[in-house]
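Asker: Got a sequence here, can you model it:
(one chain, ligands or ions: 2)
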Amino acid sequence: MNDSRETTKVEKTKVVGIRRLKEPMPTPLKTRVFTVANQKGGVGKTTTAVNIAAALAMGGLKVLVIDLDPQGNACTALGIDREELSGMYEVLVKDLPLSEVVTKVAGFPHLECAPADVELAGAEINMVGFVSRESRLKLALEKFLTEREAIGARLDYVIIDCPPSLGLLTVNALTAAEEVMVPIQCEYYSLEGLTLLLKTLQQVQQMLNQRVRISTIVLTMFDSRTRLANDVANSVRQHFPNELIDVPIPRAVRVSEAPSFNQTVMTYDASSPGAIAYMTVAREIARRGSGDVINQEVINQIDNLNNGAHTA
Ligand code: ADP
Ligand code: MG
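Answerer: Numbering: from 1, shown residues only. Ligands and ions are numbered 1, 2, ... in the order given. Purely as a prediction, here's the structure:
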């Protein structure tokens, strides 16, 4: 891993507080919408959502974080005072356009956030009576993305942070996304909960959104010294060889300190091990979704066909 080189590339531009990487990350062919989901609390969903979003934005990509957890931890980490703002409750329940709640995140050129307003806790109950209650977020997001594209300001990434449950908010997130990112904390029972998530995902695929799939698994709060962490990592690797990003996020004090300063670790301490790991994971996510990789896959497929044809 090129840890030390990664950090030296972070430069502060003239506008105070705004950081970018000298080497930009590849732009995806179309907007990639990720839902960060795991119904277990405290596994690193929010930490992963905000730090990967921040890292992608530092890589020059246009990123929107949607905070769909009534606790609003993503807002806290991004320095957004949600008491003052309209947020996702208004969007989901009151049909307020997403464009009216999206706010810029200070310190980043291309990072925005749709906050979890304080009322969001009541959204699941208030949505129950709606027709297509599972697709409220999908419709709002599609409209917003189309508007942005029409004015030449296409978003590259949307990252939706979910509450620790498989309720209507998470179902809305799974319906609105094409990709699911699952943070897994390498501890006892960490894989058991995954079965339930997979079942929910299967139902969403059958009833609401055929395209959604788990594309990315991130190991969080990893302690390489423990046998258990390595055992869990091995079994994740076995079950999800293509989805796992094989750069675990270490358990690191700076990562847990950052939110109390209303920051991501990417700005709080860009050279700390946690920040470097998140940067590496973000770069890998961007690489996987770039035209380069897709073209390479097509080339490989054609090569395989050709080889097959030669040997037949
Ligand atoms: P979730 O959103 O799944 O509930 P969080 O992202 O809020 O989980 O993380 C749970 C707690 O663990 C938080 O206090 C967070 O600061 C801490 N944490 C997350 N990732 C790390 C890490 N890599 N090292 C140390 N603490 C972490
Ligand atoms: Mg959270």
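
Asker: Quick check: buried residues in the helix or strand where Ala140 lies?
Answerer: Using DSSP states H and E, Ala140 sits within helix 136-150. Neighbour-count burial for helix 136-150 flags Arg136, Leu137, Lys138, Leu139, Ala140, Leu141, Phe144, Leu145, Arg148 (criterion: 16 or more other C-beta atoms under 10 Å). For glycine as for every other residue, the C-beta is placed from the backbone atoms N, C-alpha and C.

Asker: got these as JSON lines, with pLDDT and distance to ligand 2 columns?
Answerer: JSON lines is the format used below for the buried residues of helix 136-150 (pLDDT from 0 to 100; distance: C-beta to the ion, whole Å):
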{"residue": "Arg136", "pLDDT": "97", "distance to ligand 2": "21"}
{"residue": "Leu137", "pLDDT": "98", "distance to ligand 2": "17"}
{"residue": "Lys138", "pLDDT": "98", "distance to ligand 2": "21"}
{"residue": "Leu139", "pLDDT": "98", "distance to ligand 2": "24"}
{"residue": "Ala140", "pLDDT": "98", "distance to ligand 2": "21"}
{"residue": "Leu141", "pLDDT": "98", "distance to ligand 2": "20"}
{"residue": "Phe144", "pLDDT": "98", "distance to ligand 2": "23"}
{"residue": "Leu145", "pLDDT": "98", "distance to ligand 2": "24"}
{"residue": "Arg148", "pLDDT": "97", "distance to ligand 2": "26"}
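
Asker: Please identify which of those residues is nearest to ligand 1.
Answerer: Leu137 (18.1 Å; C-beta to the nearest ligand atom).

Asker: Quick check: the closest one touching Leu68?
Answerer: Yes - counting by C-beta atoms under 8 Å, Leu137 does reach Leu68; the two are 7.4 Å apart.

Asker: Now do the shared contacts for the two.
Answerer: Common neighbours of Leu137 and Leu68, using C-beta atoms under 8 Å, 6 or more residues apart in numbering, are Met88, Ile160, Asn172, Ala173.

Asker: circling back: C-terminal to the helix holding Ala140, what's the next element?
Answerer: Next helix or strand after helix 136-150 toward the C-terminus (DSSP H and E): strand 157-161.

Asker: That next one packs against which elements?
Answerer: strand 32-36, helix 45-58, strand 63-67, helix 136-150 (3 or more C-beta pairs under 8 Å, 6 or more residues apart in numbering; DSSP states H and E).

Asker: Check which element follows it along the chain.
Answerer: Going down the chain from strand 157-161, the next helix or strand is helix 168-176, by DSSP H and E.

Asker: and the angle for that following helix with helix 136-150?
Answerer: Helix 168-176 runs at 40 degrees relative to helix 136-150, counting by axes from the mean of the first three to the mean of the last three C-alpha atoms, to 10 degrees.

Asker: anything in helix 168-176 near ligand 2?
Answerer: No - Helix 168-176 does not reach ligand 2 (C-beta under 5 Å from the ion); its nearest approach is 11.5 Å.

Asker: Is His110 in contact with Val63, as I believe?
Answerer: Yes - counting by C-beta under 8 Å, Val63 is a contact partner of His110 at 6.2 Å.

Asker: where's the nearest residue to Leu145 once chain neighbours are set aside relative to Met58, distance?
Answerer: Leaving aside its sequence neighbours, Leu145 sits nearest to Thr31 (C-beta to C-beta, 6 or more residues apart in numbering; 5.7 Å). Noted for Thr31: a distance of 18 Å to Met58, by C-beta to C-beta, to the nearest Å.

Asker: More neighbours: the two, which one.
Answerer: Met58 (29 against 17; other C-beta atoms under 10 Å).

Asker: and the stretch 51-200 of the chain, which residues reach ligand 1?
Answerer: Asn73, Pro164 (C-beta under 6 Å from any ligand atom).

Asker: Now stretch 246-257: buried residues?
Answerer: Val247, Pro248, Ile249, Pro250, Arg251, Ala252, Val255.

Asker: And for stretch 262-273?
Answerer: Buried, per 16+ other C-beta under 10 Å, within stretch 262-273: Asn262, Gln263, Thr264, Val265, Met266, Thr267, Tyr268, Asp269, Ala270, Ser272, Pro273.

Asker: The helix or strand where Ala229 lies packs against which elements?
Answerer: Element membership of Ala229 [criterion: DSSP H and E] is helix 227-239. Other elements packing on helix 227-239 under the criterion 3+ C-beta pairs under 8 Å, 6+ apart are strand 213-220.

Asker: what comes into contact with the strand it packs on?
Answerer: By C-beta under 8 Å, 6+ apart, strand 213-220 touches 34, 43-44, 47-48, 52, 178-186, 198, 201, 205, 232-233, 236, 240, 243-245, 248-249, 281, 285, 288.

Asker: Just give me how far the helix holding Ala229 sits from the chain centre.
Answerer: Per C-alpha atoms, centre = their mean, to the nearest Å, the displacement of helix 227-239 from the mean C-alpha position of its chain is 22 Å.
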